[in-house]
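J.: sequence? don't have it. structure:
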């Protein structure tokens with residue numbers, strides 16, 4: 001290909017890119033959240049669906065929650081029904097997508113976020129079966145040494 005042919009090809013490529021929807025060619029990749037959960041847990045799948053609806057990709061493993069929690073270093077006292085990992089952070093339980101987005105933006109020195117137990121009204125625990133009930137709960141920022149501080153409170 002000579003220089004002229006290369007320039008013609010480049011011009012054609014640029015005009016094709018200009019016809020794409022705004023932001024398509026330059027949109028950042030959606031953050032990948034890798035999730036370990038029980039295969040029969042409906043609230044875990046509802047949480048995964050919540051993440052996808054808020055701009056995350058998800059890779060789901062239908063086994064190994066407790067083992068992965070231990071392997072990733074999240075203390076058992078923060079345990080819930082699913083464990084996840086995103087961009088080097090551990091996410092334990094029904095953490096709202098907005099708190100994960102904040103974590104990824106702020107990048108604090110921490111192990112990750114946890115919502116211990118399964119609070120009603122948290123993402124995945126907010127379906128019709130709960131009749132609109134919304135319990136108050138904390139999202140905890142868990143440090144490498146296993147301590148924590150409140151990162152956010154809902155509602």
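T.: That came through fine. It should be emphasised that the depicted structure is a prediction, and the values quoted were computed from it without experimental measurement.
J.: what ranges do the helices span in the chain?
T.: Per DSSP state H, the chain carries helices over the ranges 3-18, 42-53, 65-72, 97-106.
J.: check the offset of the third one from the chain's centre.
T.: Relative to its parent chain, helix 65-72 has a centroid offset of 17 Å by Cα atoms, centre = their mean, to the nearest Å.
J.: what stretches of this protein score poorly on pLDDT?
T.: For the chain, the stretches with pLDDT under 70 are 1-28.
J.: repeat the analysis, applying 50 as the threshold.
T.: Within the chain, the stretches with pLDDT under 50 are 4, 6-27.
J.: tell me which residue is most central in it.
T.: The chain has residue 33 as the residue nearest its centroid, 4.8 Å off, counting by Cα atoms, centre = their mean.
J.: tell me the contacts of it?
T.: Neighbouring residues of residue 33 by Cβ atoms under 8 Å, 6 or more residues apart in numbering: 48, 51, 56, 57, 58, 59, 84, 85, 86, 91, 100. Using the backbone N, CA and C atoms, a C-beta is placed for each residue, glycine as well.
J.: just the buried ones from those?
T.: Among the contacts of residue 33, those buried by neighbour count (16 or more other Cβ atoms under 10 Å) are 48, 51, 56, 58, 84, 85, 86, 91, 100.
J.: any idea how far the second one lies from residue 98?
T.: According to Cβ to Cβ, to the nearest Å, residue 51 stands 11 Å off from residue 98.
J.: out of the contacts of residue 33, which sit inside strands?
T.: The strands, defined by DSSP state E, take in 57, 58, 59, 84, 85, 86, 91 from the contacts of residue 33.
J.: how near is the fifth one to residue 31?
T.: Meaning residue 85. 11 Å.
J.: possible to save the contacts of residue 33 as a markdown table with distance to residue 153?
T.: Formatted as a markdown table, the contacts of residue 33 follow (distance: Cβ to Cβ, whole Å):
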| residue | distance to residue 153 |
| --- | --- |
| 48 | 23 |
| 51 | 20 |
| 56 | 22 |
| 57 | 28 |
| 58 | 25 |
| 59 | 29 |
| 84 | 21 |
| 85 | 24 |
| 86 | 21 |
| 91 | 17 |
| 100 | 16 |
